[in-house]
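> structure here, sequence nowhere to be found:
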């Protein structure tokens, strides 16, 4: 699914889809946590001689809850990620939180709508056509395997496979060439199910609203049951 920052270029939007979308929360009335965010990204690397596992693959149907974390702004808000029939939707925060946005892959189009963000005054819905679950999973196919790790911030430590996806421009052969890391993503999926996403770090131009260009999503639950995907009215084409 599309990541929150995918509003500037089709290239960054495609990567944003890398989990894009891509991609247990406190109840909607809960408070956003603005204290020191724990070191949730701390992991223990596990040595394993097993063959490289298959890359991440977002399923057609799923639902999960967790947190969206912007460390440099000291903001953590509730987060949901759901998929149904190949469409999918991320929602972070809500009307009572300092951050509120939704990203969708819906009927072959990638949508991003940011309702609230510190310092943001524009709230249009961006659309990038010809992007769907198949395109997202094709992007995942090119991910690079980092290693087998254990997430230590969870009540029961989760064994995960750590993958990295990136877009670097211009695409040039090895050698001394100027290159720009346009967008990067670190994806942590369950070691026994590449379709169960537990944690994602996204960094790059898809995070232009964040001063440090990096944001985390951390899942508390992830179930392989159909979720709910709703296209906001503001993103619907006028009749």
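The structure has been received and is ready for your questions. The structure presented is a predicted model; accordingly, all values stated were derived computationally and were not measured.
> just checking, residue 159 is part of a helix?
No. Counting by DSSP: H, G, I helix; E, B strand; the rest coil, residue 159 is not found in a helix; it is strand.
> can you pull the contacts of residue 154?
Listed by Cβ atoms under 8 Å, 6 or more residues apart in numbering, the contact set of residue 154 reads residue 198. (C-beta placed from N, C-alpha, C; glycine too.)
> mind running it again at 10 Å?
40, 160, 198, 199, 218, 219, 220 (Cβ atoms under 10 Å, 6 or more residues apart in numbering).
> ok now stretch 64-75, how far from the chain's centre?
What separates the centre of stretch 64-75 from the centre of its chain is 11 Å, taken as Cα atoms, centre = their mean, to the nearest Å.
> thinking again about what came up before, most widely separated two among the contacts of residue 154?
Greatest spacing in the contacts of residue 154, by Cβ to Cβ: 160 and 220 (14.3 Å).
> go through the contacts of residue 154 and flag which are in strands.
Counting by DSSP state E, the part of those found in strands is 160, 198, 199, 218, 219, 220.
> report the buried residues of the longest helix anywhere in the chain.
Longest helix of the chain, by residue count under DSSP state H: helix 133-141. By 16 or more other Cβ atoms under 10 Å, the buried positions in helix 133-141 come out as 133, 136, 137, 139, 140.
> so how far is it off the chain centroid?
With Cα atoms, centre = their mean, you get 14 Å for helix 133-141.
> after it, which helix or strand is next?
Counting by DSSP states H and E, the next helix or strand C-terminal to helix 133-141 is strand 144-151.
> got the buried residues for that next one?
For strand 144-151, the neighbour count (16+ other Cβ under 10 Å) marks 148, 149, 151 as buried.
> show me what that strand is packed up against.
Other elements packing on strand 144-151 under the criterion 3 or more Cβ pairs under 10 Å, 6 or more residues apart in numbering; DSSP states H and E are strand 43-46, strand 158-169, strand 180-190, strand 193-204.
> which other helices and strands contact whichever helix or strand comes after the shortest one?
So the one you mean is strand 43-46. Sequence-wise, the next helix or strand downstream of strand 43-46 (DSSP H and E) is strand 62-70. With contacts defined as 3+ Cβ pairs under 10 Å, 6+ apart, strand 62-70 has these neighbours: strand 75-84, strand 87-93, strand 193-204, strand 214-223.
> want to try CSV for those strands, with mean pLDDT as columns?
As requested, the helices and strands packed on strand 62-70 are exported to CSV (pLDDT from 0 to 100):
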stretch, mean pLDDT
strand 75-84, 98
strand 87-93, 98
strand 193-204, 94
strand 214-223, 95
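> out of these, indicate the one that is most buried.
Neighbour counts (mean count of other Cβ atoms under 10 Å) averaged over each of the helices and strands packed on strand 62-70 peak at strand 87-93, with a mean of 26.
> elements contacting that one?
Strand 87-93 packs on strand 62-70, strand 75-84, strand 100-106, strand 109-116, helix 133-141, strand 214-223, going by 3+ Cβ pairs under 10 Å, 6+ apart.
> least confident secondary structure element in this structure?
helix 10-16 (a mean of 41; mean pLDDT, DSSP states H and E).
> are we agreed that residue 231 is in a strand?
No. Under three-state DSSP, residue 231 sits outside any strand and is assigned coil.
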